[in-house]
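> got a predicted structure plus its sequence, pasted below:
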Amino acid sequence: MFTYFGHPSVHVLYGGLPGWTKAGYEVEAEYSDVFKNGDFVAKATDRKIVDLSYITSEERESKSLLVDARSAGRFNGSQAEPREGLRSGAIPGSINIPFADLLEEGHLKPRVELEEKMRVCTDSKRKEELVFTCGSGVTACVLGLAYEYITGDNDYAIYDGSWTEYASEIPE
């Protein structure tokens with residue numbers, strides 16, 4: 001999201017907050033609402049975000065590989081969605097790579113394991129545009145992060161409306 005809005009320097013904290021504290025680094029014990037205003041001005045870039053109209057278009061069906069980051073159960077409809085009243089299932093033509101399968105104790109798995117898990121995305125014969133999706137647009141970015149890590153390529157799109165928007169707007 002930061003790169004989409006033009007932030008020039010984005011990094012991911014290896015292991016997240018648990019990794020930070022496990023490594024012995026300091027954390028604040030109390031919340032403070034005192035802050036200094038920065039000078040960053042968000043400006044959308046050419047990084048790709050797609051919307052529902054693209055997802056339901058013939059163009060997407062013919063030109064894109066849509067990869068869903070949700071759990072296999074949510075994707076195949078055997079597990080309920082966490083949002084009450086939202087049906088489970090998948091967007092037609094999508095495939096599933098659960099984001100949790102790319103992680104180990106809060107870290108991305110070793111490169112060789114990621115390459116195997118993401119092979120369908122990195123296959124040199126693949127001609128489709130990559131679009132990552134999930135439940136609400138957040139964990140789709142884990143797939144994007146893993147893809148960039150193993151390929152060095154940031155030429156993919158995120159469907160930020162994801163399953164929540166699709167299942168709410170498109171009848172079964």
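Thanks, I have it.

> what lies in contact with the longest helix along the chain?
For the chain, the helix with the greatest residue count under DSSP state H is helix 140-151. Under the contact criterion Cβ atoms under 8 Å, 6 or more residues apart in numbering, helix 140-151 has outside partners 1, 12, 67, 69, 97, 99, 102-103, 108, 111, 114-115, 117-118, 121-122, 130, 132-134, 153-154, 156, 158-160, 162. Bear in mind the C-beta positions are built from the backbone N, C-alpha and C, glycine included.

> elements contacting the helix or strand following it?
Per DSSP states H and E, helix 140-151 leads on to strand 157-159 as the next helix or strand towards the C-terminus. Using 3 or more Cβ pairs under 8 Å, 6 or more residues apart in numbering; DSSP states H and E, the elements in contact with strand 157-159 are strand 48-50, strand 129-133, helix 140-151.

> now the longest one: buried residues?
Of the residues in helix 140-151, those buried by neighbour count under the rule 16 or more other Cβ atoms under 10 Å are 140, 141, 142, 143, 144, 145, 146, 147, 150.

> still on that earlier bit, closest to residue 171 out of the helices and strands packed on strand 157-159?
Residue 171 sits nearest to strand 129-133 of all these, at 18.6 Å, using Cβ to Cβ.

> packing partners of the closest one?
Against strand 129-133 (3+ Cβ pairs under 8 Å, 6+ apart) you get strand 64-68, helix 140-151, strand 157-159.

> now mean pLDDT and distance to residue 17 too, for these, in TSV please.
Converted to TSV, the helices and strands packed on strand 129-133 look like this (pLDDT from 0 to 100; distance: least, Cβ to Cβ, whole Å):
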stretch	mean pLDDT	distance to residue 17
strand 64-68	96	26
helix 140-151	94	16
strand 157-159	94	23
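
> and the helices in the protein, which stretches?
16-22, 52-55, 58-63, 72-76, 111-117, 119-122, 140-151, 162-169.

> circling back: off-centre distance for the longest helix of the chain?
8 Å (Cα atoms, centre = their mean, to the nearest Å).

> and stretch 21-37, by the same measure?
That offset, for stretch 21-37, works out to 27 Å (Cα atoms, centre = their mean).

> tell me the mean pLDDT over that stretch?
Here stretch 21-37 scores 89 as its mean pLDDT.

> can I get it in PDB, CA atoms only?
C-alpha atoms of stretch 21-37 as PDB (Å, rounded to 0.1, in the frame of the first residue of the first chain):
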ATOM      1  CA  THR A  21      11.000  -8.400  20.600                       C
ATOM      2  CA  LYS A  22      12.500 -11.800  20.400                       C
ATOM      3  CA  ALA A  23      15.700 -10.200  19.000                       C
ATOM      4  CA  GLY A  24      15.800  -8.100  22.100                       C
ATOM      5  CA  TYR A  25      15.000  -4.700  20.600                       C
ATOM      6  CA  GLU A  26      13.100  -2.100  22.600                       C
ATOM      7  CA  VAL A  27       9.400  -1.400  22.400                       C
ATOM      8  CA  GLU A  28       7.300   1.300  23.900                       C
ATOM      9  CA  ALA A  29       5.300   0.200  27.000                       C
ATOM     10  CA  GLU A  30       2.600   2.800  26.600                       C
ATOM     11  CA  TYR A  31       0.700   4.300  23.800                       C
ATOM     12  CA  SER A  32       1.500   8.000  23.000                       C
ATOM     13  CA  ASP A  33      -0.500  10.200  20.800                       C
ATOM     14  CA  VAL A  34       2.300  12.800  20.600                       C
ATOM     15  CA  PHE A  35       3.700  12.800  17.100                       C
ATOM     16  CA  LYS A  36       5.500  15.100  14.700                       C
ATOM     17  CA  ASN A  37       3.700  15.700  11.400                       C
END
